[in-house]
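J.: Give me coordinates for this.
(4 chains)
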Protein chains: 2
Amino acid sequence: MKPSVKRYTIKDIAEQAGVSLSTVSLVMNNNPRISEATRQRVLETIERLGYQPNRLARSLAWRRSQTIAVLLPQLRHTFADVYFGEIISGIHDRATKLGYKVMLEVARAEFIESREYIQLYEQKVVDGMLFIGSNARHEFIREFAGSEYPFVLVNNYSREFDLNYVVSNYRYGAWQAANHLVRLGHRRIGFIAGGLNDIQTSRDIFDSFQQVLQEHNITLEPSQVVDGWLTEEGGRQATEQLLRAHGDLTAIFALNDKMALGALRKLNELGLRCPDDIALVGFDDIPAASFATPALTTVRQPLYDIGKLACEHLIELIHGRASRVQEVVPVQLIVRESCGATKKSVVTTPVG
Amino acid sequence: MKPSVKRYTIKDIAEQAGVSLSTVSLVMNNNPRISEATRQRVLETIERLGYQPNRLARSLAWRRSQTIAVLLPQLRHTFADVYFGEIISGIHDRATKLGYKVMLEVARAEFIESREYIQLYEQKVVDGMLFIGSNARHEFIREFAGSEYPFVLVNNYSREFDLNYVVSNYRYGAWQAANHLVRLGHRRIGFIAGGLNDIQTSRDIFDSFQQVLQEHNITLEPSQVVDGWLTEEGGRQATEQLLRAHGDLTAIFALNDKMALGALRKLNELGLRCPDDIALVGFDDIPAASFATPALTTVRQPLYDIGKLACEHLIELIHGRASRVQEVVPVQLIVRESCGATKKSVVTTPVG
DNA sequence: CGCGACCAGTAAAAGGCTTTACCGCTTACA
DNA sequence: TGTAAGCGGTAAAGCCTTTTACTGGTCGCG
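T.: You can find the predicted model right below:
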């Protein structure tokens, strides 16, 4: 790359405007020490020459890169997932608004082993990091527990360590879903799980869901809980397994919408009508949930907002305006057709 | 953020190793001028102190940021799209391997108006850019036609301007799909379109598809072509419209898989069997295509590889090892169940 | 009138690295 | 023996900003 036009530097501006180099800098940083007349003259020169300050040099002097990184898990289609997508959109929008650039990182094995997540800070590549989709298997997270490096866990947290996070109120979401099903009279319920051993929030959903059932003297036997790997295909297979073992189920709850959609497909294949034969409730409220037939009753997580919030908090941490961030954001049960509640006009949680 | 540990600089290493500052730098850049003994001593010191060079300072001295940006269109779920996801995965993997960082940018209106795409270069934030999903409406693209700024259009191109690109052989893909349907005996075919006015590659698919039909004296009337907005729901509605106007269609081709999947859903809703009543062919080969029932016959685009290639070429441009990059990558018809070819064991393009 | 405060602006150091010109010494060779 | 080349390393300039300490001048006030 040979730049065709010679780029101007702050020095050029200073010469052209007939002031010192530092004056230009002060003007650019809105320092009130410079008189209005001089300020205007400098600004005019900047405008005229189309000068753009070199961000690398600025960052070097500032000791801040004004860049944050988003760390994503290494999945087959990480970037192709609505879940991550929504969150990243929120992050990006907020970061841009606050003058930060967003860098993408993937938690490959090598990334972890070479401790690149630390290098990014030490090499001053980033001022902070956002961790999406990290789980208990990601040992490296613990390194951040005591560190001074700004970071926020996005829609996840740890019981074990004292970390920064922004997370949905998964427990309350599961509580709503369970109560809804119970109130509709369901007592034989299947649970399609996923990540119960690795992911704290998955665990929360399960615990909370089960607790509600217990309070109503409904038992959830181990065979009523099947792992659907958090994928659509997994949800489909889990449904088959559930129905083979328990032909009398009247409802199924899936820990995320993708699995719920898989379950729906399996029900169709088996000729079972939803919600008449079997009610179905999901979690997340991904766009496809509302397009499904029947439209899926599910718990809505504000993923976009979670991304925004996490980003905002991260930047507060970077600027030292906060030292610990732990926020739980509300979720909401969205009652649609797949649970059968709409036709029977049962009184339920208000729908937004 | 107050760094708890004092970070070492190249100066510290020089002192500790008893050499000059420049020697350390030369060692780090593998300059052969330094003797093996000195090199080892320096490396040992670097290792011992855990020194990490400041990337901002390096970039400033190099006049290169070692960072590229990926510019995405502003869609509702940009990041949540398999299409973009696959491409970005490819880009990211290759960039990382070549020592580049990947930055995310979204083509918001403001981004375009303030000409930030140019600022990114001038402020030395990035060394190059990759444009994904830009179309004829994105006027700004033309600015790059004559510029020296490294960039590559990913899976898109322009007939009007001389630009760098890496793009699938859409014409040949459509050619394969059309020939396949014709060979299977279909003569009344519906076409679900999208982006015909904005997107050159959409236009290519349409032109090529229609040309094949013409060669076989099959006409494609205007009412046989319906816009499905490139979305699943749009494909669903387009199918309804097609069948209402032409109840005698025996096959439908959709310009992308998402619309094909929507079409499939509509066929199910209408109680029409695919492929027995209506054959269906898509384009892209997104993961969901193979999971569908019946599995979708489609044209596979190597999206991941396209991302990799585009990234590779961009870096060649940055290093001045190339001045113009225009690559067309092959696509392949994947024959599955939705076209009915598999049962009849028709001779066709080999399947990978 | 003399002094401290204030004002607008500047010089210089700092930020951390790369790179080039140069240096003193040894070797090779005519 | 004189000289050119090679060797291993260093000093210093350069990359482009920010920021702090300082300066010279004006002003207000006791």
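
J.: from here on, contacts and neighbour counts on C-alpha atoms
T.: Fine.

J.: Next up, identify which helix or strand the most centrally placed residue in chain A is on.
T.: Chain A has residue A:87 as the residue nearest its centroid, 4.0 Å off, counting by C-alpha atoms, centre = their mean. Taking DSSP states H and E as the definition, one finds residue A:87 inside helix A:82-97.

J.: Show the subsequent helix or strand relative to that helix.
T.: Counting by DSSP H and E, what follows helix A:82-97 is strand A:101-107.

J.: how many neighbours does residue A:178 have?
T.: 23 (other C-alpha atoms under 10 Å in any protein chain shown).

J.: what sits against it?
T.: Under the criterion of C-alpha atoms under 8 Å, 6 or more residues apart in numbering or on different chains, the neighbours of residue A:178 are A:209, A:212-213.

J.: ok, now with 10 Å
T.: A:172, A:184, A:186, A:189, A:205, A:208-213, A:253, A:281 (C-alpha atoms under 10 Å, 6 or more residues apart in numbering or on different chains).

J.: pretty sure residue A:143 is in a helix, no?
T.: Yes - counting by DSSP: H, G, I helix; E, B strand; the rest coil, residue A:143 is found in a helix.

J.: any idea how far residue A:335 is from the residue lying closest to residue A:64 once chain neighbours are set aside?
T.: Excluding the flanking residues, the one nearest residue A:64 by C-alpha to C-alpha, 6 or more residues apart in numbering or on different chains is residue A:127, at 6.3 Å. Residue A:127 is 41 Å from residue A:335, where distance means C-alpha to C-alpha, to the nearest Å.

J.: cool, and residue A:307?
T.: From residue A:307 to residue A:335 the distance is 25 Å (C-alpha to C-alpha).

J.: One more: residue A:275?
T.: 12 Å.

J.: so what sits against both of these two?
T.: What both residue A:275 and residue A:335 touch, as defined by C-alpha under 10 Å, 6+ apart, is the set A:281, A:296, A:341.

J.: Just confirm the last one contacts residue A:295, I think it does.
T.: Read that as residue A:341. No - using C-alpha atoms under 10 Å, residue A:341 makes no contact with residue A:295, being 11.9 Å away.

J.: Overlap in contacts, the two.
T.: residue A:335.

J.: if we can go back for a sec, so for residue A:127 and residue A:335, which residue has more residues nearby?
T.: Counted by other C-alpha under 10 Å, residue A:127 and residue A:335 do not tie: residue A:127 has more neighbours, with 26 against 23.

J.: Quick check: which ranges of the stretch 251-352 of chain A have low pLDDT?
T.: The model of the stretch 251-352 of chain A has pLDDT under 70 over residues A:343-352.

J.: same thing with the stretch 101-250 of chain A?
T.: Ranges of the stretch 101-250 of chain A meeting pLDDT under 70: A:136-137.

J.: near chain B, which residues of it?
T.: The stretch 101-250 of chain A has residues A:101-106, A:108, A:119-125, A:127-128, A:147-150, A:232-233 near chain B, with proximity defined as C-alpha under 10 Å from any C-alpha of the partner chain.

J.: Sort out which of the residues you listed are buried, if you could.
T.: Neighbour counting by 16 or more other C-alpha atoms under 10 Å in any protein chain shown classes A:101-106, A:119-125, A:127-128, A:149-150, A:232-233 among those as buried.

J.: Now cross-check the residues you listed against DNA strand C and list the overlap.
T.: Contacts with DNA strand C are made by none of these, judged by C-alpha under 7 Å from any atom of the strand.

J.: Find the closest residue to DNA strand C in the stretch 251-352 of chain A.
T.: residue A:318 (17.4 Å; C-alpha to the nearest atom of the strand).

J.: wait, that residue sits on residue A:150?
T.: Yes - Residue A:318 is within contact range of residue A:150, at 5.7 Å (criterion: C-alpha under 10 Å).

J.: ok now do residue A:171, which residues does it touch?
T.: A:177, A:201-209, A:331.

J.: cool, and residue A:174?
T.: Counting by C-alpha under 10 Å, 6+ apart, residue A:174 has contacts A:180, A:204-212, A:253, A:255, A:282-283, A:298-299, A:331-333.

J.: For the residue sitting furthest away from the middle of chain A, give me the pLDDT.
T.: Computed with C-alpha atoms, centre = their mean, the residue of chain A farthest from its C-alpha average is residue A:18, at 50.4 Å. pLDDT, residue A:18: 93.

J.: Please name the residues that touch it.
T.: A:12, A:38, A:41-42, A:45.

J.: Of those residues, which belong to strands?
T.: Among these, no member falls in strands (DSSP state E).

J.: which one of those residues has the most neighbours?
T.: That'd be residue A:42 among the contacts of residue A:18, by other C-alpha under 10 Å, with 23 neighbours.

J.: Buried residues, the helix or strand where residue A:234 lies. List them.
T.: Assigned by DSSP H and E, residue A:234 belongs to helix A:232-245. Buried residues in helix A:232-245, defined by neighbour count with 16+ other C-alpha under 10 Å: A:232-242.

J.: TSV for the residues you listed, including distance to residue A:248?
T.: Converted to TSV, the buried residues of helix A:232-245 look like this (distance: C-alpha to C-alpha, whole Å):
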residue	distance to residue A:248
A:232	23
A:233	23
A:234	21
A:235	18
A:236	18
A:237	17
A:238	15
A:239	13
A:240	13
A:241	13
A:242	10
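
J.: nearest to chain B, of these?
T.: Chain B lies nearest to residue A:233 out of the buried residues of helix A:232-245, by C-alpha to the nearest C-alpha, at 8.0 Å.

J.: That closest one touches residue A:227, doesn't it?
T.: No - taking contacts as C-alpha under 10 Å, residue A:233 lies outside contact range of residue A:227: 11.4 Å.

J.: any common contacting residues for these two?
T.: Common neighbours of residue A:233 and residue A:227 (C-alpha under 10 Å, 6+ apart) are A:239, A:259.

J.: re earlier: just checking, what packs against the helix holding residue A:87?
T.: strand A:67-73, strand A:101-107, strand A:128-132, helix A:287-291, helix A:303-318, strand B:101-107 (3 or more C-alpha pairs under 10 Å, 6 or more residues apart in numbering or on different chains; DSSP states H and E).

J.: That helix vs strand A:101-107, what angle?
T.: Going by axes from the mean of the first three to the mean of the last three C-alpha atoms, to 10 degrees, helix A:82-97 is angled at 150 degrees with respect to strand A:101-107.

J.: In helix A:82-97, which residues are buried?
T.: A:82-95.
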